[in-house]
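Enquirer: everything below, folded, please.
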Amino acid sequence: MPYKSKGITAQWDEMPMKQAVNAVIVYKKFVKAAAREYGLPLETLRRKVIVARQGGGVEKKLGRPTILPEEAEEELSQILRDRESRLYGLTPTDVRRVVYKYVEKNGIAHNFNKDMQMARWYWLKDFLLVIGSCLFARQNQSQYSMLLVLTNQRLTTYFRY
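Expert: Numbers count the residues shown, from 1 in each chain. Model prediction:
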């Protein structure tokens with residue numbers, strides 16, 4: 001998910017940063033002079049020059065790194081939608097447990113709760129923003145009442161064919 005800056009940090013654009021890094025590496029310009037010329041923070045330019053010399057890019061990345069790659073998030077959303085379409089009433093706790101099992105099975109490094117074997121709440125909140133829908137049944141609904149709610153929507157189309 002893209003990070004939205006809340007303060008005065010990261011007030012530089014990628015294009016001038018790329019030009020300044022290029023000036024330092026290719027044209028042997030001093031870092032301090034390039035930072036002054038392009039209007040960039042000195043320490044940020046130093047850091048980007050070091051990364052560029054090691055073969056990295058100059059792109060602007062803010063916020064925490066994501067736990068799951070985009071492909072894994074897409075696969076997880078398909079798994080959860082599939083379970084929901086088969087009339088499983090998913091609660092937030094169910095989703096957090098499924099995600100934990102998925103991450104453990106695929107050997108993805110994570111910072112989830114290993115004692116409870118569940119993904120963390122803040123991860124779930126961000127994940128729901130990414131996939132753009134709510135998959136949950138209410139906590140107090142039983143499976144039977146969930147079936148009654150979905151009868152007109154899904155079961156009629158299932159038995160029609």
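
Enquirer: got the domain ranges for this structure?
Expert: Recorded structural domains for the chain (assignment: automatic domain parsing) are 1-63, 73-160.

Enquirer: hey, least reliable of those domains by pLDDT?
Expert: Among those, domain 73-160 carries the lowest mean pLDDT, a mean of 75.

Enquirer: in this protein, which spans are strands?
Expert: Taking DSSP state E as the criterion, the chain carries no strands.

Enquirer: what's the longest helix in it?
Expert: helix 70-85 (DSSP state H).

Enquirer: which elements pack onto that one?
Expert: For helix 70-85, the packing partners by 3 or more C-beta pairs under 8 Å, 6 or more residues apart in numbering; DSSP states H and E come out as helix 92-105, helix 121-131. C-beta coordinates here come from the backbone N, C-alpha and C atoms, glycine included.

Enquirer: need those in JSON lines (columns: mean neighbour count and distance to L42).
Expert: Putting the helices and strands packed on helix 70-85 into JSON lines (neighbours: other C-beta atoms under 10 Å; distance: least, C-beta to C-beta, whole Å) gives the following:
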{"stretch": "helix 92-105", "mean neighbour count": "17", "distance to L42": "39"}
{"stretch": "helix 121-131", "mean neighbour count": "14", "distance to L42": "33"}
